[in-house]
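Colleague: here is a sequence together with a model predicted from it:
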Amino acid sequence: VLTDPVVPCGQILALRLSIPSVFFLRGLPCSFDLQATQCPDPPSYVPRTFTDNSDHMTFIQRVENLFLKSSESFLCNFAYLPFELLASDVLHRPVTMKELLSHGSIWLKRMDFVFEYPMPVMPNIVFIGGINCGKRK
């Protein structure tokens, strides 16, 4: 199943049918993509989304990053609770969002280190940056 994990209905279907899933995404809120693939994600080095921080942060930016990472878990657990309940009903067992996404076979990420900061990744993450770029004139 080729699916976008932002709305994990495709992943729930793939788990129910016991077929592999391929995720096609730019990024997930709350770093669910990094958590599900077990990538290292230290808040002192990896900037949070929407902070406009680079990978070279000052001490104050690192502290801000730590607070944002800790607040993300509360907000995202609330936002993705309906999908966890749906997955638990369909799969007949309790399921968390992290566990649901951890069954992804390949993650096709539409990002490029030219425009982003370098970050640690796992072997099943493939960067396909530039797929949305127009031709240069």
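Modeller: Received the coordinates, thanks.
Colleague: tally up the residues packed near residue 91, please.
Modeller: Applying other Cβ atoms under 10 Å, we find 14 residues neighbouring residue 91. The way it works is simple: take the backbone N, C-alpha and C, and place the C-beta from them, glycine included.
Colleague: ok, it - contacts?
Modeller: Each residue near residue 91 by Cβ atoms under 8 Å, 6 or more residues apart in numbering is listed here: 12, 15, 16.
Colleague: may I see the residues you listed organised as CSV, with secondary structure and pLDDT added?
Modeller: Listed next are those as CSV, based on DSSP: H, G, I helix; E, B strand; the rest coil; pLDDT from 0 to 100:
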residue, secondary structure, pLDDT
12, helix, 94
15, helix, 94
16, helix, 94
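Colleague: whichever of these end up buried, select them in PyMOL.
Modeller: Remark: buried members of the contacts of residue 91, expressed as a PyMOL selection using 16 or more other Cβ atoms under 10 Å:
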select buried, resi 12+15
